[in-house]
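K.L.:
I would like to see how this sequence folds:
(chains A and B)
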There are 2 protein chains.
Amino acid sequence: MDIRALAFDTGGTVLDWHGGLVAALSRTSSSRGVNLDWHAVANDWRRRAMKGIVGQTQPAFNMDDVHRRTLDETLDEFGLQALTPQERDRLWRAWHELDAWPDFPPAQAALRKAFPVVSLTMLPTSLVVDVSRRNGIVWDAVISCEMIGVYKPHALAYATAARWMALEPAQILMVACHNFDLNAAHKAGLRTAFVRRADEWGPEGPPDPRPNMAYDFVVDDFGALVQAVLANR
Amino acid sequence: MDIRALAFDTGGTVLDWHGGLVAALSRTSSSRGVNLDWHAVANDWRRRAMKGIVGQTQPAFNMDDVHRRTLDETLDEFGLQALTPQERDRLWRAWHELDAWPDFPPAQAALRKAFPVVSLTMLPTSLVVDVSRRNGIVWDAVISCEMIGVYKPHALAYATAARWMALEPAQILMVACHNFDLNAAHKAGLRTAFVRRADEWGPEGPPDPRPNMAYDFVVDDFGALVQAVLANR
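P.N.:
Next up is the predicted model:
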């Protein structure tokens, strides 16, 4: 292996969207005396948003737009139609205020000493900027599919990122906790690292938790990723 | 003014391309006993490269490609045809190894505490990544015209950057040492800051050194920019 840079999926791999959305939903609801299974509401929202963006080519919208539209669908689904536009905007804004998984910032900083490290994400550029500033994460570049115009797992998303990084695909290690992303990255010629995120979907557990092929690295946490990647130099 | 983020031109505004190219050219030539006005050679190369990229729409090349092609033209012009492909590659590579102006990194770090700060540049993404790592510069995002597909001073370059930053153009302060860039940024609705870089073109001085309109800020160095921008919050 001749790894020259790392690309991180960011949505579920770096950010605890489930925890952040559940907190925002229960904050909003507590003022209304509503009580629902907020884990289920958050996961429904996420599922709809992913369906709305995955694989898109030259969409007229970005993932912020999809989050706003699918929030309305989820609130309808769970009988929460009474929420005001202001409450909906606050919920939507929670995406820009997510926390990173606690093991990520120190590991990413250690990896960045050895390699350029980029975010390669379906999230909008401005969302990654906001959450990165909030969590003290520094990227060498944010490569949002919004910029590419083509969304993962489309092969062009990985190929364009490699071109912008001026590297061969095989010189880039794609890191994610999702098979669909890593399968496509592998097919596009990138190296692959699967990092388990057992809590990504909250108590119900991730829908696809086990590696479905032989990735170059399979680790339980980001600390183990740092050790494995640096040992392989 | 309601400034929410800063965008820096990077080529001449942040990087001392003239000093870096002159050093690389004289290194190459010293081994050959050639002696020329390396300032003139460097400036000829830069002028040709700018002409090859400014205002381009969906080009099939990026500025690294333009640097490689125009290097050959400049070497022909100055009777340096004898340089080998290896020597040419080393010269071309000098663009990825430039130093920043010494007053830039501390000023940029101070501004980044208050605002997101991005590179908005005609240089390729990978070039900005390389020189930023070398100079200890951290950007919230690198917005290369390579990613936009449209090059400054085309209005779409500024509009797309604003869209990706999820800001109104008037919420972005464009910082540059070039009138053509700031004139276009102003026309696209951005706020503007002119920072003088008296040494950008070496001893011959910059071709267009004086602000040609009333920018929001006009300063002599990056320290003064920090003071002026932070005082305006």
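K.L.:
for chain A, what spans make up the helices?
P.N.:
For chain A, applying DSSP state H gives helices covering A:11-14, A:17-30, A:38-53, A:63-77, A:85-93, A:104-114, A:125-135, A:145-148, A:155-164, A:179-187, A:222-231.
K.L.:
Up against chain B, what does chain A have?
P.N.:
Within chain A, the positions near chain B by Cβ under 8 Å from any Cβ of the partner chain are A:64, A:116, A:124-126, A:128-129, A:132-133, A:138-144, A:146-148, A:164-167. For the C-beta atoms, the positions are set from N, CA and C on the backbone; glycine is no exception.
K.L.:
what stretches of chain A score poorly on pLDDT?
P.N.:
Residues of chain A meeting the criterion pLDDT under 70: none.
K.L.:
Break it into its domains for me.
P.N.:
Following automatic domain parsing, chain A resolves into domains at A:5-16+A:99-231, A:17-97.
K.L.:
Return the most buried member of the ones you listed.
P.N.:
Among the domains of chain A, domain A:5-16+A:99-231 has the highest mean neighbour count (mean count of other Cβ atoms under 10 Å in any protein chain shown), at a mean of 20.
K.L.:
So what touches stretch A:128-143?
P.N.:
The contact list for stretch A:128-143 (Cβ atoms under 8 Å, 6 or more residues apart in numbering or on different chains) reads A:5, A:7, A:10, A:14-15, A:96-100, A:104-105, A:108-109, A:112, A:116-121, A:125, A:144, A:161, A:164-165, B:116, B:125, B:128-129, B:132-133, B:138-142, B:147, B:165.
K.L.:
Now A:Ala94. Nearest residue, chain neighbours left out?
P.N.:
Distances taken as Cβ to Cβ, 6 or more residues apart in numbering or on different chains place A:Ala24 nearest to A:Ala94, at 3.6 Å, with adjacent residues excluded.
K.L.:
What residue in chain A is the furthest from its centre?
P.N.:
Outermost residue of chain A with respect to the C-alpha centroid, by Cα atoms, centre = their mean, is A:Gly33; its distance is 31.4 Å.
K.L.:
Quick check on it: phi, psi?
P.N.:
The phi and psi values for A:Gly33, taken as degrees, to the nearest 10, are phi 70, psi 20.
K.L.:
Next, the contact list for A:Asn183, please.
P.N.:
Listed by Cβ under 8 Å, 6+ apart, the contact set of A:Asn183 reads A:Pro153, A:Asn212, A:Met213.
K.L.:
show me the contacts for the second one.
P.N.:
Contact analysis of A:Asn212 by Cβ under 8 Å, 6+ apart lists A:Asn179, A:Asn183.
K.L.:
Roughly how far does A:Arg69 sit from A:Ile148?
P.N.:
Per Cβ to Cβ, to the nearest Å, A:Arg69 is found 21 Å from A:Ile148.
K.L.:
Kindly report the same for A:Gly33.
P.N.:
44 Å.
K.L.:
Could you do A:Leu123 as well?
P.N.:
13 Å.
K.L.:
Repeat that for A:Ala109.
P.N.:
As judged by Cβ to Cβ, A:Ala109 and A:Ile148 stand 26 Å apart.
K.L.:
go on, A:Pro116?
P.N.:
In this structure, A:Pro116 and A:Ile148 are 18 Å apart, going by Cβ to Cβ.
K.L.:
What of A:Phe180?
P.N.:
Distance, A:Phe180 to A:Ile148, by Cβ to Cβ: 17 Å.
K.L.:
repeat for A:Arg32
P.N.:
Applying Cβ to Cβ, the value for A:Arg32 to A:Ile148 is 40 Å.
K.L.:
Would you enumerate the residues in contact with A:Pro209?
P.N.:
For A:Pro209, the contact set (Cβ under 8 Å, 6+ apart) comprises A:Arg196, A:Ala198.
K.L.:
Would you list the phi and psi of it?
P.N.:
phi -80, psi -20.
K.L.:
cool, and the one 3 residues further on?
P.N.:
Recorded main-chain torsions at A:Asn212 are phi -100, psi 10, according to degrees, to the nearest 10.
K.L.:
Correct me if wrong: A:Phe115 contacts A:Leu6.
P.N.:
Yes: A:Phe115 lies in contact with A:Leu6 (Cβ atoms under 8 Å); the separation is 5.5 Å.
K.L.:
Give me the common contacts of these two.
P.N.:
Counting by Cβ under 8 Å, 6+ apart, the contacts common to A:Phe115 and A:Leu6 are A:Val229.
K.L.:
Report the contact partners of A:Val226.
P.N.:
A:Ala107, A:Ala110, A:Leu111.
K.L.:
Am I right that the last one is in contact with A:Val117?
P.N.:
Yes: here A:Leu111 lies in contact with A:Val117, judged by Cβ under 8 Å, at a distance of 5.5 Å.
K.L.:
Between those two, which contacts overlap?
P.N.:
Common contacts of A:Leu111 and A:Val117 (Cβ under 8 Å, 6+ apart): A:Leu6.
K.L.:
so who does A:Arg88 touch?
P.N.:
Contacts for A:Arg88 (Cβ under 8 Å, 6+ apart) come out as A:Arg68, A:Leu71, A:Asp72, A:Leu75.
K.L.:
With A:Leu230 instead?
P.N.:
By Cβ under 8 Å, 6+ apart, the contact set of A:Leu230 is A:Ala110, A:Leu111, A:Ala114.
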